[in-house]
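**Q** Need a 3D model of the sequence below.
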Amino acid sequence: MRVFIIDDNQIDLLISRKLLLKNSADTDVKEYSQAQAALSDITANPEDVPNIILLDLNMPTMDGWGFLDGLKKAGVQSGFKVYVLTSSLDDRDRTRAQNYQVVEGYLTKPLNDTVIQGILQ
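**A** Numbering: from 1, shown residues only. Presented below is the predicted three-dimensional model:
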């Protein structure tokens, strides 16, 4: 299983990676601190997308919404599941996330073993 973690916070990247590897040793994890870099990799190689993307919403330069819009614009909308992973408890963000076909779930930080096990199934 391949997982991309897109988050500008290094501590959140570390926590997510450690929990993923703890719960599934055979998981290939790639980290991105900039959403634009992840979008470029995915659009350049649409046949090589990850199974799961953990996506932070609030990031500089390109936020999570810009990333999701970029996927849609590029026509890369299948073969993977996106889980919004954010500290935002705003119901408007949760509702907005549901408008994206690729968004499988809305998770709040910090992650834990139970949540990770649920998305890896």
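
**Q** Okay, strands next: where are they in this structure?
**A** Counting by DSSP state E, the chain has these strands, from start to end: 2-6, 28-32, 52-55, 81-86, 103-108.

**Q** and the ones you listed, which is most packed in?
**A** Comparing the strands of the chain by mean neighbour count (mean count of other C-beta atoms under 10 Å), strand 52-55 ranks first with a mean of 26. In this view, the C-beta of every residue, glycine as well, is placed from N, C-alpha and C.

**Q** Mind listing residues that contact it?
**A** Under the criterion C-beta atoms under 8 Å, 6 or more residues apart in numbering, residues 1-7, 16, 35, 38, 64, 67-68, 80-85, 107, 119-120 lie in contact with strand 52-55.

**Q** hey, C-alpha coordinates of stretch 98-109 in PDB?
**A** The C-alpha coordinates for stretch 98-109 follow below in PDB (Å, rounded to 0.1, in the frame of the first residue of the first chain):
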ATOM      1  CA  GLN A  98     -17.900  16.200   1.000                       C
ATOM      2  CA  ASN A  99     -18.300  18.000  -2.300                       C
ATOM      3  CA  TYR A 100     -15.200  16.400  -3.600                       C
ATOM      4  CA  GLN A 101     -15.700  12.900  -5.100                       C
ATOM      5  CA  VAL A 102     -12.200  11.700  -4.100                       C
ATOM      6  CA  VAL A 103     -12.600  12.600  -0.400                       C
ATOM      7  CA  GLU A 104     -13.400   9.500   1.600                       C
ATOM      8  CA  GLY A 105     -13.300  11.000   5.000                       C
ATOM      9  CA  TYR A 106     -12.700  14.000   7.200                       C
ATOM     10  CA  LEU A 107     -10.300  13.300  10.100                       C
ATOM     11  CA  THR A 108      -9.100  15.700  12.800                       C
ATOM     12  CA  LYS A 109      -5.600  15.800  14.200                       C
END
